[in-house]
Every structure is written in C-alpha cells, then in structure tokens.
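Asker: below are the sequence and a predicted model for it; my questions follow.
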Amino acid sequence: MGNATGVEITGPFGDRFAEILTEEAQSFLADLHRAFDARRLELLGLRTQREAALAAGGTLGFLPETLAVREGDWRVAEPAPGLVDRRVEITGPTDAKMSINALNSGAKVWLADHEDANTPLWDNVVQGQLNLRDAIAGTLSYTSPEGKQYRLGDGPRPTVVVRPRGWHLPEKHILVDGESTSGSLTDFGLYFFHNHLATRPYFYLPKMESHLEARLWNDVFTFAEERFARPTGTIRATVLIETFPAAFEMEEILYELREHSAGLNAGRWDYMFSVIKKSCFLDERRRRDFMLPDRNTVTMTVPFMRAYTELLVRTCHKRGAHAIGGMAAFIPSRRDPAVNTVALERVHNDKTREAGDGFDGSWVAHPDLVPVCREVFDGVLGERPNQLDRLREDVSVTAADLLAVGATPGQRTQAGLRSAVSVGVQYLAAWLQGTGAVAINNLMEDAATAEISRSQVWQWLHNDVTLDDTGERVTKELVERIADEELAKLDGDLAAARALFMEVAVADDFVDFLTIPAYERMP
Ligand SMILES: CC(=O)SCCNC(=O)CCNC(=O)[C@H](O)C(C)(C)COP(=O)(O)OP(=O)(O)OC[C@H]1O[C@@H](n2cnc3c(N)ncnc32)[C@H](O)[C@@H]1OP(=O)(O)O
Ligand SMILES: O=CC(=O)O
Ligand SMILES: [Mg+2]
C-alpha cells in the first residue's frame, strides 16, 4: 500500500488497518490538514489569549460584537432523518463488544465515542474506525475470550453519531508534510471518508470554547461535502456546551453551524471542569468566588448548573434545535441489587428533571439505563418525537447567573480530597492501559470526570484551602500523604499513573488538559 503525497504513517499497521488507512483516505486527511490545521492552531492560541485577558482582570460575558446574531431572526436546519426523536442516547467507546451492545441496546442514538470515553491509543483510533465501518455495513461481530458470541440484532438500530477528539489533541501517528495532524480532523476525516455513502454522517463536537471554533468545524463540513459532491447539510453536528466560555456563546455556535446543526448537548462534567479551570486564571481575590465544594456534592440543581442547562434548552428551542441532556454518572450493577436500585433511582430522577425542563432526550452510560431514560421521556413526550415546541420563554438567565459559582453550597472535605486523588490515579492507570471509561465506586469515570478530580486538587492547593472537616490546609505534602494512604489500599502498579496525576494536580502551572501529557507518554 502506498502513502499519499506528503503523508507518513508512523503507527504500526495492525490487522486490516490498511482498509482504513488507504491512500485515498490519507489524501483526504492531508487535504484537511493543509486547509485547516493552521486555523486550528490559531484558535487554540485565542484560547490562551482569552485566559490572559481573564488574568488581567477581564471576565466572561455575552459578546457585544455578536449582539446582532443573538437578536436576529433565524433558525437552524430542520432536524435530519434519524435525529428527530432522540429521547435516549447511549454513549460508549468503539471497541467491538461495546459497539455491538450499544447498537443492540434499544437506544435511539449511539454516541460512538473517540473522546471522553476513549484513550486515543493508535490501536483504538484505527480499530475504532474499522469497527464503525463494519457496524454500519452490518457485519461487525465479536467473540469474547470466554467464547461468547456477539452479533448485531435484527431490531431497529440507533442512529450512529461519532464524537471526534477535541481541537486541542494531536494525532502523532499521522504526519502531513512532517507535521502531526489534528486528532479532530483524523477522527472526522476517516469516519466521513469511509461511511458517508453508507450512512448519514453525524457528529458530536466536544470541548469548543467559542463560536469561531464552531465556524472552523462548519468550514470543514462544507469542504468535505463539496469534495465528495454531497448536498449541504448532509453532515450534521450536535455541539456539546461543556466549557465555561461556550455557555456565553450558545446562540452564536448554533448560528455558525446552522445548516449543519443538530442542536446542543449539556456536557455537565467537562463544564464543571472548565469552570474550575477558567477560575484558575483569575487573580487571587476573584478566584475565591469560583471555589467549588467536593465534586460529588455539586449537583445539577446548584444555581450555576441550573442556569446553564435552562439557558441551553431555551436557546435551542428558540432556534428550532434539539436540546440533549447529559450524563448521570451512576452505573447500574448486575451483581449487586442494592447498588442497582440506587443507580436506577438516581438516573430516573436526573432524567425526570431534564425531561421536565424541556430537554428532548438525554444520555445514558449503560444499556440497563436505556429503559429508565426511555420511560421518563415517553412520559413527557408521549407520541411527540421531541418537545421543540416548548419554548421556555419563562427562562431568563443573565451572565451573573452563569457566573454564580460561589453560591454553590457544600463543604471541601478530606474525604472529597481522598476521593479526588484515589479516583484520579485509578482512572489514569486505566487510561494509560488503553481504557478511557471505567466504573469506580459505582460511578462512571472518564476523561471529563478525571479532569474535575485533578483540577479540583489544583484549585484547592493553589488557593490555600482549609478543609472544612479536619481544619487541615491543602498542601503538596498533604496531597502526597493522602496519595500514599489511598494507593496502599489498591492493587497493581500505579506508579506511572500517580506521577502523571501529580504532574497535572499539583504542578505550579495549570496544565490545560490532562490528556496532553498523558498522550505524550503513549507509544
Ligand atoms: C462525561 C462524558 O463524556 S459521558 C460519555 C462518555 N462516557 C461513556 O461513554 C461511558 C460509557 N460507559 C461505559 O464505558 C461502561 O458502562 C462502564 C465502563 C462505565 C461500565 O462498564 P462495565 O464495567 O463493563 O459494566 P457492566 O459489567 O455492568 O456491563 C454489563 C454489560 O453491558 C455492556 N455495557 C456497559 N456499558 C456499555 C455502553 N456504554 N455501551 C455498550 N455496552 C455497554 C458491557 O460491555 C457488558 O456487556 P457483556 O455483558 O456483554 O459483557
Ligand atoms: O461530554 C460530556 C461531559 O459531561 O463532559
Ligand atoms: Mg465532555
């Protein structure tokens, strides 16, 4: 097999990888890189500039320069086929077994995840694309080491929506003109190239910080549609509103993508991470207004989270776009009935709040949660496919409401610190081994929840927090002692994960994303 001009693949070719990394597919990736990578890097630079503006006394707010968009009369494209009724969306990685289980789960949509739930190990990146292509062709099968056979069922399958990596991550195994490519463009490009004729190419777009980043995605979509002579709007994308700055640009993000839009999703875990992260750039006095209590006490009903989700529903429905709810982290158990009962009840409550607020559907992390979410949304939607007609004109959210993080009740405790350290290290150990989503203490942990754990430790440490229960000041020494004590309770070699956790949780400078140094450690 040859390489496209200027392309070098430095990762090993596993079984059947040549079916994905064809010369034509490489050539498309090279075109995407040459057309868009410089702008991607510029936009990442803009994130840094905005952080510098916060450090210099600025604040987040609605943009004066885009007032006309917010006040204008426009709507996004009509909902696309397969994305009209989205009452239950299951998320998960694209390994063969989970792909089959998700496609047989009865959900309306499967978010096939190359992002929070995935380690971008070279093997996962390419094997995931093979599994997606086989799944769409209906040929995906799997035999477990115990001999259990997995096949796609005959019932209706969920619409497949792929989540590529965020703009910040490179793909170091594909070089174009000697440069690493973008993880986003790699995941998007390979999926689009191999599947756009076999299925409708739909995407979830993560971790964007501005409407200019949405404009870049829109231009990428138009480029791909033109290059393969597909009508405008063939590609659809749901944007995760999961960064603090993006909450102030929801209308603008919908507007930029309007011909390609499939709505917005409230990505609560990365949102919480981003709130903590952006506060780390403020001066010492203002940082205190953004200090959060223990992660597990920050619920969706605290004022700043409520403001963000209500604004999201109102914004979407005003523009004819779907509003999709987020992930409750409680994982059911087929082995422990008591754990199972609690998880089902909590997820039921979470989905009930979302359906009542006007969301058109929501996410679940596990097949056993599909019926729970479906039942709740069936109760609210009835025969209607969505509730886009519920305009929520009663909602009025100001910038001050979005910024009211300091009004979050709760304590900062030693137990919270212990949990952040222990869960953070355990998650990173799994990530470094190639598994991007795990259940720890009956909760789903993925890249977004791990970011909260480590950034919260950083925030408490760098703001001289005194723990409410023990009266101890959070210092590097305390974090190290807690790590010693917590890791002594666990099996396995956690040295590499601990070193990485300390790098992103206690270092002087705030590391932008833990996945960046983590990826550098991978082959
Ligand atoms: C912040 C965010 O971005 S949220 C979105 C990103 N995160 C995710 O997508 C997490 C998705 N969920 C998961 O990865 C898993 O549910 C986990 C890791 C949390 C738990 O998985 P497990 O420990 O395997 O759970 P459990 O043993 O109960 O699974 C039972 C069966 O359901 C399957 N299953 C569990 N979750 C999923 C899923 N999301 N998709 C498909 N199948 C699943 C398992 O593969 C297993 O199948 P098997 O019986 O054929 O072996
Ligand atoms: O991607 C979802 C989130 O909550 O983060
Ligand atoms: Mg996320």
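Answerer: Okay, I see it. Numbers count the residues shown, from 1 in each chain. Ligands and ions are numbered 1, 2, ... in the order given.
Asker: phi first, then psi, for the residue of the stretch 1-150 of the chain found nearest ligand 3.
Answerer: Per Cβ to the ion, Asp116 is where the stretch 1-150 of the chain lies closest to ligand 3, at 4.5 Å. (C-beta placed from N, C-alpha, C; glycine too.) Here is the backbone geometry of Asp116 (degrees, to the nearest 10): phi -50, psi -30.
Asker: same question for the one 5 residues further on.
Answerer: Leu121 has phi and psi values of phi -60, psi 140 when expressed as degrees, to the nearest 10.
Asker: quickly find the element holding the residue nearest to it when sequence neighbours are not counted.
Answerer: Closest residue in space to Leu121, ignoring its immediate chain neighbours: Gly434 at 4.6 Å, by Cβ to Cβ, 6 or more residues apart in numbering. Under DSSP states H and E, no helix or strand contains Gly434.
Asker: just give me the neighbour total for Gly434.
Answerer: Applying other Cβ atoms under 10 Å, we find 16 residues neighbouring Gly434.
Asker: hmm, Pro120 and it touching each other?
Answerer: No - counting by Cβ atoms under 8 Å, Pro120 is not a contact partner of Gly434; they are 9.6 Å apart.
Asker: that older thread, show me what contacts the residue nearest to Leu121?
Answerer: Residues in contact with Gly434 (Cβ atoms under 8 Å, 6 or more residues apart in numbering) are 119, 121, 123-124.
Asker: reformat those as TSV; add pLDDT and neighbour count.
Answerer: Compiled in TSV, the contacts of Gly434 are given as follows (pLDDT from 0 to 100; neighbours: other Cβ atoms under 10 Å):
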residue	pLDDT	neighbour count
Thr119	98	22
Leu121	98	21
Asp123	98	15
Asn124	98	19
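Asker: list the contacts for the closest residue to ligand 2 within the stretch 51-200 of the chain?
Answerer: For the stretch 51-200 of the chain and ligand 2, the shortest gap (Cβ to the nearest ligand atom) falls at Asp116, measuring 4.9 Å. Contact analysis of Asp116 by Cβ under 8 Å, 6+ apart lists 163, 206, 269-270, 436-437, 446-448.
Asker: ok, now with 10 Å
Answerer: 91, 93, 163, 165-166, 206-207, 240, 242, 267, 269-270, 327, 436-437, 444-451, 515 (Cβ atoms under 10 Å, 6 or more residues apart in numbering).
Asker: Ala355 versus that one, what's the distance?
Answerer: For Asp116, the distance to Ala355 (Cβ to Cβ, to the nearest Å) stands at 23 Å.
Asker: for the stretch 301-450 of the chain, what lies in contact range of ligand 1?
Answerer: Counting by Cβ under 6 Å from any ligand atom, the residues of the stretch 301-450 of the chain close to ligand 1 are 327, 331, 334, 365-367, 437-439, 444, 446, 448.
Asker: kindly recompute the last result at 8 Å.
Answerer: Contact residues, the stretch 301-450 of the chain versus ligand 1 (Cβ under 8 Å from any ligand atom): 326-327, 329, 331-335, 363-368, 435-439, 444-449.
Asker: show me the shaky parts of the protein.
Answerer: Within the chain, the segments meeting pLDDT under 70 span 1.
Asker: next, count neighbours for the residue of it found nearest ligand 3.
Answerer: Using Cβ to the ion, the single residue of the chain nearest to ligand 3 is Asp270, 3.5 Å away. By other Cβ under 10 Å, the residues close to Asp270 number 27.
Asker: wait, Val31 sits on Arg227?
Answerer: Slight slip there: residue 31 is Asp, not Val. Yes - between Asp31 and Arg227 there is a contact under Cβ atoms under 10 Å: 7.1 Å.
Asker: hang on, the earlier thing: what subset of the residues of the stretch 301-450 of the chain next to ligand 1 is buried?
Answerer: Buried members of those, scored by 16 or more other Cβ atoms under 10 Å, are 326-327, 329, 331-333, 363-368, 435-438, 444-449.
Asker: among those residues, which lie within helices?
Answerer: Among those, the ones falling in helices (DSSP state H) are 447-449.
Asker: for the residue of the chain positioned farthest from its centre, give its distance to Glu486.
Answerer: In the chain, counting by Cα atoms, centre = their mean, Gly471 sits farthest out from the average C-alpha position, at 35.2 Å. Distance, Gly471 to Glu486, by Cβ to Cβ: 20 Å.
Asker: one more: Glu146?
Answerer: Distance of Glu146 to Glu486, given as Cβ to Cβ: 32 Å.
Asker: how about the helices in the stretch 51-200 of the chain?
Answerer: 67-71, 96-103, 122-137, 183-195 (DSSP state H, counting those that start in this stretch).
Asker: nearest to ligand 1, of those?
Answerer: Closest among those, using Cβ to the nearest ligand atom: helix 96-103, at 3.3 Å.
Asker: kindly export that closest one (C-alpha atoms) in PDB.
Answerer: Output of helix 96-103 as PDB, limited to C-alpha atoms (Å, rounded to 0.1, in the frame of the first residue of the first chain):
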ATOM      1  CA  ALA A  96     -16.200  -4.300  19.000                       C
ATOM      2  CA  LYS A  97     -18.100  -5.700  22.100                       C
ATOM      3  CA  MET A  98     -19.400  -2.400  23.300                       C
ATOM      4  CA  SER A  99     -20.200  -1.200  19.800                       C
ATOM      5  CA  ILE A 100     -22.500  -4.300  19.300                       C
ATOM      6  CA  ASN A 101     -24.000  -3.900  22.800                       C
ATOM      7  CA  ALA A 102     -24.800  -0.200  22.200                       C
ATOM      8  CA  LEU A 103     -26.300  -0.900  18.700                       C
END
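Asker: that helix close to ligand 2?
Answerer: No - Helix 96-103 does not reach ligand 2 (Cβ under 8 Å from any ligand atom); its nearest approach is 15.9 Å.
Asker: tell me how far that helix lies from the chain's centre.
Answerer: In terms of Cα atoms, centre = their mean, to the nearest Å, the centre of helix 96-103 is set 19 Å apart from its chain centre.
Asker: and the contacts of Gly434, which two are furthest apart?
Answerer: Thr119 and Asp123 (9.5 Å; Cβ to Cβ).
Asker: and the helices in the stretch 301-450 of the chain?
Answerer: So, for the stretch 301-450 of the chain - with DSSP H, counting those that start in this stretch - the helices run 303-318, 337-357, 370-381, 399-402, 414-432, 447-461.
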